[in-house]
Each structure stands twice: as C-alpha cells, then as structure tokens.
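>>> Everything below, folded, please.
(one chain, ligands or ions: 1)
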Amino acid sequence: MGDQECSVAAPAQGESGRPGQQALDLIARIVAAIELTPLVAVHSVDRGGRVCFWNQTCVQLYGVAAEQALGQPLAQLLQPQQRAAEHAAALEQVWHSGRPSPARDWQLRSAAGRLLWVYSSMFPVYRGGELQQVFCMDIDVTARRREEGALLSVGANFRQMFEQSSDAILVIERDRIAELNPAALALFDCADPGRMLGKSLADFSPLRQDGGALSAQAGLAMAQQAHRLGNWRYDWRYTSCGGRQFWAEVLLTSITLDHEFLFYAVVRDVSARKLAEQRLYLAAQVFENSRDAILLADRGPSVIAVNQAYAAVTGLSPAEMVGQALDGERVGIEDGELFRQIWCAMQDQGHWQGEIWAQRRGGARYPAWLSLAAIADQQGVVSNYMLILSDISERKRSEETTRHQAEHDFLTDLPNRVLLLDRLSLALTAARRNHSMLAILFLDLDRFKHINDTLGHHVGDLLLKEVAARLVKCVRAVDTVSRQGGDEFVIILADIGGIDQAAHVAASVLQAITQTYELELHRLDVTTSIGISIFPDDGADIETLVKNADLAMYHAKEGGRNRFQFFSAEMNAQIVERVAFENGLRGALREGQFELEFQPEVDIASGATLGAEALIRWRHPQLGLLLPERFIAVAEDCGLMVGIGNWVLREACRQARRWQEQGRPLVVAVNISLAQLMQNNLAHSVAEALEVSGLAPGLLELELTEAIIMRQGGAAPAKLQALRALGVGLTIDDFGTGYSRLGHLRDYPVDKLKIDRSFMADLAAEPGDAAVVTAIIGVARSLKLTVVAEGVETAEQLAFLRQHGCDRYQGRYIALAAANGAANGADADGAVAAQAAEGRVPAPGGAPGSDPRV
Ligand SMILES: Nc1nc2c(ncn2[C@@H]2O[C@H](COP(=O)(O)OP(=O)(O)OP(=O)(O)O)[C@@H](O)[C@H]2O)c(=O)[nH]1
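Numbering: from 1, shown residues only. Coordinates of the predicted model:
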C-alpha cells in the first residue's frame, strides 16, 4: 500500500462513526489481501478524483507504476473508451449514494497506452463515518471480451455472407429446409420463403434424376454420404417453384449443433456448364461414332485427329494420319491437282462440298461425298480445318435401285410406261432429225383373262414373264420392249427401213408368242393381237402414235385375234364410232332406254300359251330400236352384262306378276348370260327379283345356253343346283349346238330343253337336221324333260314337231296361226292379245327370226 493516509474502511454493522480495533484489524488484513491479490486490480480515488490507492496488479495490468499513479487524477490514468459519461456517472453515483455500483465491463485505455476490458465494481470506503474514497476493483476480462467479440464478428460475418452469397445456401434440419438465403429464393424462382421453408429439398426435384434413380432415394444417399465424410459434392437436377428444371452443383456439409445434425447446402446453378458439357460430349460422340470419316487439321494443314470411321472408310489408321501434312493422298484423292483445286475453293468460300471418286488404301474406288470447312477462332482467324468423307456407294446403289424400280415393271423387269415414254421421246427426236421411220407395236394377249380365271394369277404371272422374255428375243438391242400393265406390251422399233420391216418383226413376235408354254404342270397355247403405227405416217407425236397402235390392236382383236394390224384412217373412224356406242350403252340403263319384248311359248297339243320368253331391246336415241345382237357383245366387253342381266330379271318378274294378277299366270323365261353365271351372287339376284316383284318362283324360268353351261365345266351341276333350290325352272337353251355330252344332262337339274332354231330352218331340206331334232326329242323324253322347238315359222315344221312328240314351240308361226285361226284353240290368241295390249309384246310377225338371248 503506497499511501498510508489512505485506508479502506467499510461502515461496521451498527456503527455510524468510529471503527473499533477489530474493524481496523480486519481492514488491515483485507488491504493486505487486496494488495497481494494477483487477479484483481484495486485502486481508489478521493473526492477530488485523485488516486489514493494503486495495488500491484494495477501496476501490472495498466503498466503504470504506483509512484506515477498515486495522487494523479484517475481520469488521466484510465480513460474509458466507450460510454465515458456513463462511467463517470457510475462513479459519481457511488459518491452520491454511498452504495457500491453494480459490476460492469468497461473498456479502458491506460496512460501507458494499454487498451483493456475490465470487469469493474466500485464501492465506497468510509472513514470516521464519512465517505472518504471510492475503491474500484477491476478484473481483466480483455481476453474473454476479445473471444466474445471474435465470436460476434464471426456470427455477423457469417450472416452477411449467408445473406449476400451469390450461391444459394440452405440449412436443412431433419430433412426440412430450416433457413435459406435470398440467392436460394432466386435460384428456385421463389418470391415467398414460406413456400420453401419446412419443405424437403426432394420436393424441388423431378421424380427421377437423369440416371433414373428416384430423387427422394438418391437425395437420401447424398445426405448419408455427406454425413459420413463431413461434406459431399454432387450434381443434381432441381425443379424450381415455377417448374423450371435446372442443373445444380451441391456442396452438402454435415454439421452438429447442440447435438442436432444439420446440413448446410450450397447450391450453384450449373445448367450452362452442364449444357456445354453435354454439347461437348455429344460433339465427341458424333466425332467418334460417325460413320463418316472425319479429320481435323491445324492451320498447317497437318492432321491433328481422325475418328474411328476414318480408318474404315479410307483404310488409313490414326497412327498413319496424325501429325502428317494433309494432302489428296491422305484423303484418297489420287489426283493431286483436283485436291489442290478443291482446297483453294474451300479457302475462297470457307467451305466446299461435292461428290468425288475416292480410293481406299488397297485400290478399291468408291463414290464419296466430301465436305471441307475452315474453322475460325473467336477472333475470326482460321485456326483449323475439318474434312468429312462419306462413302456413298450404298446410297448410290439404293438410288439406282429406286430409279430402276420407278422405270421398270416389277413382274417382267421390262421398261414400264414411264421409261417407254422417255425412250419413245428420244427415238422420235432421232427419227425427226434423221428423217427415218419408227414403228410402235401394241400387243395384247388374247383371252388372257381366261388363263387367270382358270389357272390362277400365279400362272398368269409366269406366262407374262415368259412372254416378256420371248419378246425381248424378237427385237434388236436398240429397240425397246415395255410392259404397259396387264397383258399389254409396247415395242418401239427404232429407225426401221420400211413398213415391211415392222410387219416382219410383228410376224416373228406372233410366231414366238404362239409357241407352246410349259409353266409348272401346265401346257399353254397363247396368241396375241398386235396393232402397229408408223412414224411419221400415223402420227407425229407420242400420244397419237401410241393411241393409233392401240386402235390397230383393237382391230386385230375384232378381226379374229392372233394377227397384226396396221393403223388406218378408216379404222380410226370405226373406233370413234365404237367408243361413242360404248358410251351410249353405259348410260342406257341409267336413261331407261332398255325394253323387254315377250315371245310366247305355246303348247303344241292344245295351242295354249303357257309362257313367254323375255327378250331385251335397246331404244337407241339416234339408231332406233336395236336388237341384242347389236349391243350384247359390246356390253359383255365393257363389263355391263351383270347390270343389264339383273335389270332384265327384275323387269321380267314384275311383268309376270302383273299377268298373274290379271288372271293369266304365264311362266316367264329369262336368259342368263355367262357374266351373270360367273358372278357368285346370281342366286341372290334372282331371289331378290322374285321378292321385289312378289312372283312365285314356279313362274320364273332361267335359260342358260348349252355353251355357257359347258364353260362351267365340273362346277356346272352345283351352280345349277343353287339356282334350282330357289324353286325356279331351268332350261338349256340352244340345245344341239354346244356338243355337250348327253350323259352330262343327267347331272344337270334342268326341266326343259330348247332345240336351237338353226335346226328348224332346214328341217325339210336337211335330213341330218331332222334326225338331230328327232334325237333331241327322244333324249328329252327319256330324261322326262319338256322339249321346246325355237324358230318355228311354218305349218310343216309344226306338223313335224307334233308328229315326233315335241311338247312346245316358239316362233313366228304362233302369230300366223293366230291370224289364220289355225292355232289350236283360243288360248294362243288370248295370251298374245293380252300381252299386246300392254304394248310390250311384238306385233304378230314382228318377232325376229334369230334373236341372241338375254
Ligand atoms: N396374272 C396377272 N394378270 C394381270 C396382271 N395385270 C392385269 N392382269 C389381268 O389381265 C387381264 C387382261 O385382260 P384383257 O386384256 O382385258 O382381256 P383378255 O382376256 O386378254 O381378252 P382380250 O384382250 O379381249 O383378248 C385381266 O383379267 C387382268 O386382271 C398381272 O400383273 N398378272
């Protein structure tokens, strides 16, 4: 204790003024203790603020010796650094109140220049009952305050970093987002933190990550990894609040706070990097996996890289290429000058591409597509070159195949119509230039459809192929044989010396075609019809020449087939007329121009009319009433027979029904054509006609010529049976002309035979005919068939028939007999009269002598 004047005295309990000896002893001990205490700096000031006491710890703590301190104003020795007024007020408060001040931390700067934090308490010391001094007891807490300060500043810094970080930072607590910074809100497009807080990060991920793993599971694995290793860095795909997906790099750090495990996630958007990586990866993949040879060169140009395909395409390995100067040889272009030109063009334009012939190591040449391009750096200076070489052999082959298919017939491989027109155009140009002749042969096989129908399409195809092969052999290499489709072929004979040369070729073609064909198990004899047109005589252009050859062919068919025919002007006129006739016929049904006439069938014994045969007529707007012989063949050619035949069926049934309603039930006979019988649903058409008209099936008879039945071969009985099952009658028409085997008659479910009219004409003069008629009647009787004679015109003929037991007859004589009253009984007259009254039955004598049937 430096100043003996100063001493410490606390007011003794119960004492107000003088202390006792005991108290003084106590004080002396305390002072000694204070003097010695190493941790507490004790000093006191008097009322004037001067230092009265300065212990050893003060000396050490403040760096001020006791001699310097004692008697000095404390304010000069220790200056509060903050809150100086507060410090002074606290001291003053002690003086004023006489009570100790609460202990507090003050920051002080000592006169020695030390800056310290002290934990200080001030208390009053009385002497003689008066407050003499105020003692301060300071404990150095600088170190603690520094630590606290450091801690606070770390916290503040961290907060600032957290708030201002450009990386998104999220604190995850128990798998939930506990805290997130503004960058995180921005990254996840989230304006309201409430949308993210409390959610799992997995909620902001797509269901699955790119590898296919479920985001929830993969996220858990990442957290475990971070927990195990302290932190873990990985790439992750997130979905923002707005639904935008982005790639992020995540640094997940596991921390423990108050025994809680937390995760501190720093998330950085790396979408751009990922995209660039993906592009780079893709580019590398394209380079490596391209089937085209790719080469990269520097400015030299020296090769810096080639892909795998380069070796496959050129035969040159990367080892042979890399580091070598780039020249034509290394690309497989033998012609160095060509490569130099290409290179110059590429440098001019920045790129070059085109088709070249390249050569593989070892010599094989192949068509290639070469692309060359200069690659500029960011400053626009050419830094590299890229060369792509594609082997296009395959593409060329496929183009060639496609072109061939487009120009050739798939079945015979002959040029098709497209190529024919092309060749014809060239041939015509040459013929015009050379003033030479050219012939076009238009061929169509005869009755080819029959071959298809009877032997099948497959055999038809084989035949067409063989015909094609034979045709090619008949002409020179300069000529063209083409297939137009179906069974039509066109031959161009280029540059012929004269018409006879065309005729000669046509004759040899006919001959070649007629040679027997052996196709699989079938032996076939085929003929063809050929039309010929000549340039320049029969046309100056392709269209006219082909059309005229076609017309000539048509005439060859008309002329009996298996022949050739040159085109002529008259022929053309006939064709034009025929086409107009065909067109008229096509419209006749629609225009209601067909009519039916009914020819009575009379019972020879009684003279009664038992039925009538329906016969079609066409009331042509210009040509008048036409008999079937004028138009039926044309209708057959044009495929109109089924429609016309069905019309006849319906009309005949309707008329018969009308007769029935008038009390005259006559059986109506309808002729069935080959086309109808070939069609599968004839029975259906017949049933429909009966149903629509309401006619009883027993009043309808279907007449089929012997020839038509014979054409059905073995299928005939079944087909007839199907019709018979409808309850209608069946008649064999024109019997005696078809050379049918009589034995077959038994197999046919027919009721009636009609003897062909041709036998009637010469019945008297031709004993053979009489014998045939007699025989037919005999056969019919033995088979219990009704027999009807057609074309009866005289009383003698009728007498003959009656004498030989014929049942019925048809023909002009009916009308004559009716007129003379010679017919036996009034029935014939009555029936004819009844029908004539409807205007649909020909006037007596008007029925034609011969009448093709429908
Ligand atoms: N097998 C086969 N037949 C075909 C092919 N293309 C068309 N046809 C048939 O060829 C036939 C051609 O018949 P057409 O020329 O009209 O008549 P056609 O029987 O030969 O009688 P005409 O010419 O009057 O002597 C039709 O039946 C077609 O279905 C084919 O590629 N293969």
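>>> how many neighbours does the residue in the stretch 451-600 of the chain that the ligand sits nearest to have?
Going by Cβ to the nearest ligand atom, the ligand is nearest to residue 460 of the stretch 451-600 of the chain, at 2.6 Å. To be clear about C-beta, it is placed using only N, CA and C from the backbone, and glycine gets the same treatment. Residue neighbour count, defined by other Cβ atoms under 10 Å, stands at 22 for residue 460.
>>> Can you tell me how far the closest residue to residue 811 other than its chain neighbours is from the ligand?
Nearest residue to residue 811 in three dimensions, chain neighbours excluded: residue 792, at 3.6 Å (Cβ to Cβ, 6 or more residues apart in numbering). Distance, residue 792 to the ligand, using Cβ to the nearest ligand atom, to the nearest Å: 36 Å.
>>> in what helix or strand does residue 613 lie?
Counting by DSSP states H and E, the element that carries residue 613 is strand 609-620.
>>> picking up where we left off before, surely the residue nearest to residue 811 is in contact with residue 810?
Yes. Under the criterion of Cβ atoms under 8 Å, residue 792 makes contact with residue 810 at 6.7 Å.
>>> Next up, the contacts around the residue in the stretch 51-200 of the chain that the ligand sits nearest to.
Closest to the ligand within the stretch 51-200 of the chain is residue 189: 67.2 Å, counting by Cβ to the nearest ligand atom. Counting by Cβ atoms under 8 Å, 6 or more residues apart in numbering, residue 189 makes contact with 240, 241, 242, 244.
>>> What count of nearby residues applies to the closest residue to residue 722 other than its chain neighbours?
Of all residues not flanking residue 722 in the chain, residue 683 sits nearest, at 4.8 Å (Cβ to Cβ, 6+ apart). Residue 683: 16 surrounding residues under other Cβ under 10 Å.
>>> Distance-wise, check residue 683 relative to the ligand.
From residue 683 to the ligand the distance is 24 Å (Cβ to the nearest ligand atom).
>>> on contacts alone, who are the packing partners of the one helix or strand that residue maps to?
Here residue 683, judged by DSSP H and E, is contained in helix 682-693. Counting by 3 or more Cβ pairs under 8 Å, 6 or more residues apart in numbering; DSSP states H and E, the packing neighbours recorded for helix 682-693 are helix 641-661, strand 700-705, helix 716-724.
>>> any idea of the angle it forms with helix 641-661?
40 degrees (axes from the mean of the first three to the mean of the last three Cα atoms, to 10 degrees).
>>> avg pLDDT for helix 682-693?
Mean pLDDT, computed over helix 682-693, is 95.
>>> which stretches of the stretch 51-200 of the chain form strands?
Ranges of strands in the stretch 51-200 of the chain, per DSSP state E, counting those that start in this stretch, are 51-54, 78-80, 104-110, 115-127, 130-140, 168-173, 176-180.
>>> buried set for the helix or strand where residue 433 lies?
Per DSSP H and E: residue 433 is located in helix 417-434. For helix 417-434, burial by neighbour count (16 or more other Cβ atoms under 10 Å) applies to 417, 419, 420, 421, 423, 424, 427, 428, 431.
>>> returning to that earlier point: looking at the strands of the stretch 51-200 of the chain, which is buried most?
Comparing those on average neighbours per residue, with mean count of other Cβ atoms under 10 Å, the densest one is strand 51-54 at a mean of 27.
>>> circling back to that earlier point, who are the neighbours of the helix holding residue 433, in terms of helices and strands?
helix 393-407, strand 437-445, strand 480-485, strand 488-496, helix 542-558.
>>> among the ones you listed, which is nearest residue 236?
Residue 236 lies closest, by Cβ to Cβ, to one member of the helices and strands packed on helix 417-434: helix 393-407, at 44.6 Å.
>>> how many neighbours does the closest residue to the ligand within the stretch 651-800 of the chain have?
Using Cβ to the nearest ligand atom, residue 678 is the residue of the stretch 651-800 of the chain that sits closest to the ligand, at 12.2 Å. For residue 678, the count of nearby residues is 16 (other Cβ under 10 Å).
>>> Kindly report the same for residue 478.
For residue 478, the neighbour count with other Cβ under 10 Å is 12.
>>> what does residue 407 give?
Neighbours of residue 407 under the rule other Cβ under 10 Å: 16.
>>> and if you look at residue 317?
Residue 317: 12 neighbours (other Cβ under 10 Å).
>>> Next up, phi/psi of the closest residue in space to it that isn't next to it in sequence, please.
In space, and not counting its chain neighbours, residue 317 is closest to residue 311: 5.0 Å by Cβ to Cβ, 6+ apart. Main-chain dihedrals, residue 311, degrees, to the nearest 10: phi -70, psi -40.
>>> before we move on, what about the one 4 residues further on?
When quoted as degrees, to the nearest 10, the phi and psi of residue 315 stand at phi 90, psi 10.
>>> likewise the one 10 residues further on?
According to degrees, to the nearest 10, the main-chain angles of residue 325 amount to phi -70, psi 140.
>>> now the one 10 residues further on
The phi/psi pair for residue 335 (degrees, to the nearest 10) reads phi -80, psi 100.
>>> From residue 357, how far off is it?
Taking Cβ to Cβ, to the nearest Å as the measure, residue 335 falls 9 Å from residue 357.
>>> about what we covered before: just say which of the helices and strands packed on helix 682-693 is most tucked in.
strand 700-705 (a mean of 24).
>>> got the buried residues for the following helix or strand past it?
Going down the chain from strand 700-705, the next helix or strand is helix 706-711, by DSSP H and E. Residues 706, 708, 709, 711 are the ones in helix 706-711 that count as buried (16+ other Cβ under 10 Å).
>>> ok, now stretch 285-292?
Quick answer for stretch 285-292 (16+ other Cβ under 10 Å): 287, 292.
>>> quick revisit: just say helix, strand or coil for the residue nearest to residue 811.
On the three-state scheme (DSSP: H, G, I helix; E, B strand; the rest coil), residue 792 is labelled coil.
>>> who touches the residue lying closest to residue 675 once chain neighbours are set aside in this structure?
Nearest residue to residue 675, sequence neighbours excluded (Cβ to Cβ, 6+ apart): residue 641, at 3.8 Å. Residue 641 sits next to 632, 635, 673, 674, 675, 676 when contact means Cβ under 8 Å, 6+ apart.
>>> rewinding a little: what distance do you get for the residue nearest to residue 811 to residue 766?
According to Cβ to Cβ, residue 792 and residue 766 sit 16 Å apart.
>>> how about the nearest residue to residue 465, chain neighbours excluded?
residue 412 (5.5 Å).
>>> meant to ask about residue 593, not that
residue 619 (5.1 Å).
>>> What count of nearby residues applies to that neighbour?
Residue 619 has 14 nearby residues by other Cβ under 10 Å.
>>> per-residue confidence for it?
95.
>>> and it, what are its bridge partners?
Beta-bridge pairing of residue 619 under DSSP bridges involves residue 625.
>>> Tell me the spacing between it and the ligand.
28 Å.
>>> re the thing from before, pretty sure the residue nearest to residue 465 sits in a strand.
No. Secondary structure of residue 412 (three-state DSSP): coil, not part of a strand.
>>> Now the stretch 251-400 of the chain against the ligand: closest residue?
residue 400 (24.2 Å).
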